[in-house]
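Undergrad: Next comes the sequence, and after it the predicted model I'd like to discuss.
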2 protein chains.
Amino acid sequence: MAVRTKRPAGERTRAAILHEAVSLATVEGLEGLSIGTLASALDMSKSGLYAHFGSKEALQLATVDEAGRVFEAEVIDPALAAPPGVDQLVAVCEAFFEHLERRRFPGGCFFAGAVLEMGARPGPVNERIVAFQSSFIALVRQFVARAQELGEVAEDEDPDQLTFELNGIILAANMTFILHQDPRSLDLARQVVRRRLGVTEAGASGADVGREVFAGQG
Amino acid sequence: MAVRTKRPAGERTRAAILHEAVSLATVEGLEGLSIGTLASALDMSKSGLYAHFGSKEALQLATVDEAGRVFEAEVIDPALAAPPGVDQLVAVCEAFFEHLERRRFPGGCFFAGAVLEMGARPGPVNERIVAFQSSFIALVRQFVARAQELGEVAEDEDPDQLTFELNGIILAANMTFILHQDPRSLDLARQVVRRRLGVTEAGASGADVGREVFAGQG
DNA sequence: CCTACCGATCGGTAGG
DNA sequence: CCTACCGATCGGTAGG
């Protein structure tokens, strides 16, 4: 199919490894993810897989980066595409809920699990996870500040408090979804977001499509 | 010291093992917790420790139970001792924040981590974790319902939504504390709780003592 | 509660 | 990307 470039097979293999690694890590954890298990899941030899990374830590770092790319594509990009204001706050939450609902990873949100797993394990892997998570919170805070500038969030609200609450809603949605394995758990999360942000009807955002509505806003 | 009863030394040893096991599990995870590591942390032989439980799964179950006892003593009991109403909702959150601040476990809240670690690993250990977590949420929901009966939570609030939000605040506090390792992170969580519940001054609850205040309520 | 051991798997290496 | 291997550690057992 593709024209031969430098090492297309190797890159495809690497991508396939990381795709599997991120999924496996949401079940086994980043420490529990073993090179042998990962190799046999891909019908490869252990050392063949190992050669792509050179150490377990390098595999873990590459896995975190791959999870970051998935999160950007499925959660951050749709939120960035939404119009600034309260709609954007709804959009970032909604994109996260759909990321869960899609069951992209068997163990729920990669980063929610990774922060807790590696929180007491200092080192490069922990630092990379913390950096990504912190940048996501910072982005949500920007969305909140912009919404407040637009007058769609009350002036007496503290942006840090609202950001904290939205992060809490996201984490509670992830935990509830994992606990009950039921897509309806997310309906409650959606109601909480809309009530907290003063959005009256269901489909407040037209940015993150794939659901329906445009009920009472357009 | 103590009069010889049936097997006091064995029970003391078992208690010491579980105390260490819960702490270690918040760092290494319940799967990463190995019998060898646990034994050497206690200066015991591996098989000596193993004899107390008979299988790794039994050790994991006993560890979850021990973590449940700690959570009951440090979070649930203080909340039950608080007066019903909004004070009790503040008390349960405050008890959790102090549980974190006390750094009882190096990896933060045991159950927050355990739910995410074991969420995609069906089995008896997962079931025990889910049962405990669900019972805690159910208890918070009872507190919310009681506060609403007392007229301290608005009639148009949905108890499930408020319970979900309080759980989110707790989870966000845990994550933030782990991310920044800074007790001041919890100040923001405290502000969020009080603003969300319409409590104006800092020390709304006299039940969970050890902090101070009684500013504008008594 | 111990020493001594089992087969399996771990991360990693040699050499191709 | 492979086979074949390394020492260390895993959960678990025998026997005391």
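TA: Now that the structure is in, tell me what you want to look at. Residues are numbered from 1 along each chain as shown, chains lettered A, B, ... in the order given.
Undergrad: Any stretches of chain A with poor pLDDT?
TA: Counting by pLDDT under 70, chain A has low-confidence residues at A:1-9, A:201-218.
Undergrad: which residue ends up closest to the midpoint of chain A in space?
TA: Centroid-nearest residue in chain A: residue A:71, 3.7 Å away (criterion: CA atoms, centre = their mean).
Undergrad: and the residue lying closest to that one once chain neighbours are set aside, what element?
TA: Nearest residue to residue A:71, sequence neighbours excluded (CB to CB, 6 or more residues apart in numbering or on different chains): residue A:111, at 6.6 Å. Placement of C-beta: from N, CA and C, glycine included. Residue A:111 belongs to helix A:110-118 when elements are defined using DSSP states H and E.
Undergrad: Give me the residues contacting that helix.
TA: Outside helix A:110-118, the residues within contact range by CB atoms under 8 Å, 6 or more residues apart in numbering or on different chains are A:22, A:25-26, A:29-31, A:64, A:67, A:70-71, A:107, A:125-126, A:129-130, A:132-133, A:136, A:171, A:174-175, B:29, B:107-108, B:112-113, B:116-117, B:174-175, B:178-179.
Undergrad: For DNA strand C, what is the nearest residue in chain A?
TA: DNA strand C sits closest to residue A:36 of chain A, with a gap of 2.5 Å, by CB to the nearest atom of the strand.
Undergrad: Against residue A:58, how distant is that residue?
TA: For residue A:36, the distance to residue A:58 (CB to CB, to the nearest Å) stands at 16 Å.
Undergrad: So for these two, which sits in the more crowded spot?
TA: It is residue A:58, of residue A:36 and residue A:58, that has more neighbours when counted by other CB atoms under 10 Å in any protein chain shown, with 14 against 11.
Undergrad: need the next SSE after the helix or strand harbouring residue A:77, C-terminal direction.
TA: Secondary structure from DSSP H and E places residue A:77 in helix A:77-81. Scanning forward in sequence from helix A:77-81 by DSSP H and E, the next helix or strand is helix A:86-101.
Undergrad: now that following helix and helix A:110-118, what's the angle there?
TA: Between the axes of helix A:86-101 and helix A:110-118, defined by axes from the mean of the first three to the mean of the last three CA atoms, to 10 degrees, the angle is 70 degrees.
Undergrad: and helix A:86-101, what other elements does it pack with?
TA: In terms of contacts (3 or more CB pairs under 8 Å, 6 or more residues apart in numbering or on different chains; DSSP states H and E), helix A:86-101 is packed against helix A:77-81, helix A:124-149, helix A:159-180, helix A:185-197.
Undergrad: buried ones in the second one?
TA: Buried residues in helix A:124-149, defined by neighbour count with 16 or more other CB atoms under 10 Å in any protein chain shown: A:125-126, A:128-130, A:132-133, A:136-137, A:139-141, A:143-148.
Undergrad: The third one now?
TA: By neighbour count, with 16+ other CB under 10 Å as the criterion, the buried positions of helix A:159-180 are A:159, A:161-179.
Undergrad: now residue A:177: how far from residue A:13?
TA: For residue A:177, the distance to residue A:13 equals 32 Å [CB to CB].
Undergrad: and what of residue A:198?
TA: For residue A:198, the distance to residue A:13 equals 50 Å [CB to CB].
Undergrad: ok, now residue A:173?
TA: To residue A:13, residue A:173 is 35 Å away according to CB to CB.
Undergrad: near DNA strand C, which residues of chain A show up?
TA: By the rule CB under 7 Å from any atom of the strand, the part of chain A lying against DNA strand C is A:33-37, A:46-47, A:50-51, A:54-57.
Undergrad: May I see the ChimeraX selection of the buried members of these?
TA: To isolate the buried subset of those in ChimeraX, counting by 16+ other CB under 10 Å, use the following:
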select /A:33,35,50
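Undergrad: Quick check: chain neighbours aside, which residue is closest to residue A:128?
TA: In space, and not counting its chain neighbours, residue A:128 is closest to residue A:64: 4.9 Å by CB to CB, 6+ apart.
Undergrad: Check whether that neighbour really touches residue A:30, as I assumed.
TA: Yes: Residue A:64 lies in contact with residue A:30 (CB atoms under 8 Å); the separation is 7.5 Å.
Undergrad: hey, what's in contact with both of these two?
TA: Here residue A:64 and residue A:30 have A:114, A:125 as joint contacts, going by CB under 8 Å, 6+ apart.
Undergrad: dump the residue contacts of the residue of chain A found nearest DNA strand D.
TA: The nearest approach of chain A to DNA strand D comes at residue A:48, 2.1 Å away (CB to the nearest atom of the strand). By CB under 8 Å, 6+ apart, the contact list for residue A:48 reads residue A:39.
Undergrad: Roughly how far does it sit from residue A:57?
TA: Counting by CB to CB, the gap between residue A:48 and residue A:57 amounts to 19 Å.
Undergrad: related to what we said a few turns ago, and the helix or strand hosting the residue of chain A closest to DNA strand D, how far from the chain's centre?
TA: Using DSSP H and E, residue A:48 maps to helix A:46-50. Once both centres are worked out by CA atoms, centre = their mean, to the nearest Å, helix A:46-50 turns out to sit 28 Å from its chain's centre.
Undergrad: That's all I had, so thanks and see you.
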